[in-house]
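Chemist: have a look; sequence and predicted model below, questions after that.
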Amino acid sequence: AQSVTQLGSHVSVSEGALVLLRCNYSSSVPPYLFWYVQYPNQGLQLLLKYTSAATLVKGINGFEAEFKKSETSFHLTKPSAHMSDAAEYFCAVGSSNTGKLIFGQGTTLQVKP
Amino acid sequence: DGGITQSPKYLFRKEGQNVTLSCEQNLNHDAMYWYRQDPGQGLRLIYYSQIVNDFQKGDIAEGYSVSREKKESFPLTVTSAQKNPTAFYLCASSMTGQVNSGANVLTFGAGSRLTVL
């Protein structure tokens, strides 16, 4: 069965600092991986997705993620945090058996002035 | 603009009542989903439908029911059998239900917050 684990339910960074949100997955087949962002009381928006075309995936708002098969990881990074990046971030893996997306627990990113 | 509309945004229910949450999409997507979100638990799949007139249970279907009579609509009923219905409910759709196609990117609605009094 496929699963995803996000390390750290809360991450706090200063404005301008590096953002690193961690995601590890479990999958017996090549995975499809996604990062979504959720602002308060809203739905989720796609940040980026990995579909095996390239290991470094660039998304919206300056975010990117690197697929590392040896580490079963898909960590999300941004070189310089903005106040507007404060939100909840979800990593997800696509189930090849059912077509469903399996979401991690979410990581809340706080950006301090 | 195409998108997903969920209504109502806020809903209050007394114990023992059934309520129905509406989800409408104009994206011409085949697949639709309902997720429940609780603090610290991420998103859990309630039901999903890959095609009209067909749907499958997700991980936490007990106490919920759905219908998919039209491609655009996928309403969710929270029944009185749901023990703890207070939560944020998210509807989503995707072009297809086949994740292997790479086209299974979910588009989400803005959510409905249900509170049981």
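Modeler: Yep, that arrived.
Chemist: quick check: closest non-adjacent residue to B:I60.
Modeler: In this structure, B:I60 finds its nearest non-sequential neighbour in B:R44, 5.0 Å apart by Cβ to Cβ, 6 or more residues apart in numbering or on different chains. (Each C-beta comes from the backbone N, C-alpha and C, glycine too.)
Chemist: let me know the pLDDT of that neighbour.
Modeler: pLDDT recorded at B:R44 is 92.
Chemist: stretch A:54-63: which residues count as buried?
Modeler: A:57, A:59, A:63 (16 or more other Cβ atoms under 10 Å in any protein chain shown).
Chemist: spatially central residue in chain B, please.
Modeler: B:W34 (2.3 Å; Cα atoms, centre = their mean).
Chemist: the nearest residue to that one once chain neighbours are set aside: what's it in contact with?
Modeler: Once flanking residues are discounted, B:W34 sits nearest to B:I46: 4.3 Å by Cβ to Cβ, 6+ apart. By Cβ atoms under 8 Å, 6 or more residues apart in numbering or on different chains, the residues touching B:I46 are B:34-36, B:58-61, B:64, B:66, B:76, B:89.
Chemist: likewise A:C91?
Modeler: Taking Cβ under 8 Å, 6+ apart as the contact definition, A:C91 lies against A:4, A:6, A:21, A:23, A:25, A:33-35, A:74, A:76, A:103-104.
Chemist: CSV for those residues, including distance to chain B?
Modeler: Formatted as CSV, these follow (distance: Cβ to the nearest Cβ, whole Å):
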residue, distance to chain B
A:V4, 9
A:Q6, 8
A:L21, 14
A:C23, 12
A:Y25, 13
A:L33, 11
A:F34, 7
A:W35, 12
A:F74, 15
A:L76, 15
A:F103, 4
A:G104, 6
